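K.L.:
Dropping a prediction and its sequence here:
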Amino acid sequence: MSEAVLKALHLTAAAPVQKAGPRQRAAAITFTSNQLKVIAIVAMVFDHSIIAFVPHELAVYQFLHLPGKLTAPIMCFLIAEGYYHTSSLRRYLGRLAGMAVISHLPFTLCFGYDPLQFWVATDVMWSLFFGLLALAAWERKGWLLRQKMFAVALCCLFSYSADWNYIAVLMVLGLGIFHQHKNRQTAVHLAVGGLYLAQGLWYGSSLAARAGIFLSVPLLRRYNGQRGRKSSWIKWGFYWFYPVHLAILYLLKQAI
């Protein structure tokens, strides 16, 4: 049959099927918010276990902190995402504030702080709470720029004693402002990560561990915008896991 007839009958030969290469397979890997939470939780437990049980004078101690630093950016990203998906901002803020209060005692006991001196150290839930509050203030309609900047500055100030302090506040704010703009969110991630490294220089802490803040960049870029399985057990399980695992680590430290 002639080529013209074949075209008329739509019998042109099919293109050969090519197998996906490593890059194509890697590009196909994406994560739901639930999967990102699981990754963050595993890294967090590993990091807190290192702090609790590995002698701090070991040379390898700081390098063992590296993977744990990817947790906070993932949490900040999901808080920013939650701002755009929550049905009630007030209840969302209330949940974070409630868990922050509940987590204070296990956090301070686990890491050797005085629970009564909350102005010295407290848990990361406060940083996430003020990060969400800063984002809500920034997105508030009718406010002037100076009002928004003042509100953000207050949130950074009030989070100062919390784990990840104003770093988490700025991370939530930046990721939230550039919601669904992955390249801009990555730029925010890198910029705030650079500030986190500069903070380490100021405090004289190891930059080797702090560099782990950048490990979550490729993970967040693979977020597919889906929650995953919806369940109240899963939702509250992620909230309660934080204070419960700190309490367990504290009890294990006392038992050893």
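P.N.:
Great, that's in hand.
K.L.:
Walking through the stretch 51-200 of the chain, point out its strands one by one.
P.N.:
Applying DSSP state E, counting those that start in this stretch to the stretch 51-200 of the chain gives no strands.
K.L.:
Pass me the low-pLDDT residue ranges in it, would you?
P.N.:
Of all residues in the stretch 51-200 of the chain, none has pLDDT under 70.
K.L.:
hey, where'd the helices end up in the stretch 51-200 of the chain?
P.N.:
Under the criterion DSSP state H, counting those that start in this stretch, the stretch 51-200 of the chain contains helices at 61-64, 71-85, 89-110, 124-138, 145-158, 165-177, 182-203.
K.L.:
Redo these as a markdown table? Include distance to residue 44 and mean neighbour count.
P.N.:
Glycine gets a C-beta too; all of them are placed from N, C-alpha and C. What follows is the helices of the stretch 51-200 of the chain, written out as a markdown table (distance: least, C-beta to C-beta, whole Å; neighbours: other C-beta atoms under 10 Å):
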| stretch | distance to residue 44 | mean neighbour count |
| --- | --- | --- |
| helix 61-64 | 13 | 16 |
| helix 71-85 | 4 | 22 |
| helix 89-110 | 12 | 18 |
| helix 124-138 | 9 | 26 |
| helix 145-158 | 23 | 15 |
| helix 165-177 | 13 | 25 |
| helix 182-203 | 17 | 15 |
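K.L.:
I'd like to know which of these lies nearest to residue 31.
P.N.:
Proximity to residue 31 (C-beta to C-beta) singles out helix 71-85 among the helices of the stretch 51-200 of the chain, at 9.6 Å.
K.L.:
mind saving the C-alpha coords of that closest one as PDB?
P.N.:
The C-alpha coordinates for helix 71-85 follow below in PDB (Å, rounded to 0.1, in the frame of the first residue of the first chain):
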ATOM      1  CA  THR A  71      12.800  18.500  59.500                       C
ATOM      2  CA  ALA A  72      12.100  22.200  60.300                       C
ATOM      3  CA  PRO A  73      11.900  23.400  56.700                       C
ATOM      4  CA  ILE A  74       9.400  20.700  55.900                       C
ATOM      5  CA  MET A  75       7.300  21.600  58.900                       C
ATOM      6  CA  CYS A  76       7.500  25.300  57.900                       C
ATOM      7  CA  PHE A  77       6.400  24.500  54.300                       C
ATOM      8  CA  LEU A  78       3.500  22.400  55.500                       C
ATOM      9  CA  ILE A  79       2.400  25.200  57.900                       C
ATOM     10  CA  ALA A  80       2.400  27.600  55.000                       C
ATOM     11  CA  GLU A  81       0.500  25.200  52.900                       C
ATOM     12  CA  GLY A  82      -2.000  24.700  55.700                       C
ATOM     13  CA  TYR A  83      -2.700  28.400  55.800                       C
ATOM     14  CA  TYR A  84      -4.200  28.200  52.300                       C
ATOM     15  CA  HIS A  85      -6.200  25.000  52.900                       C
END
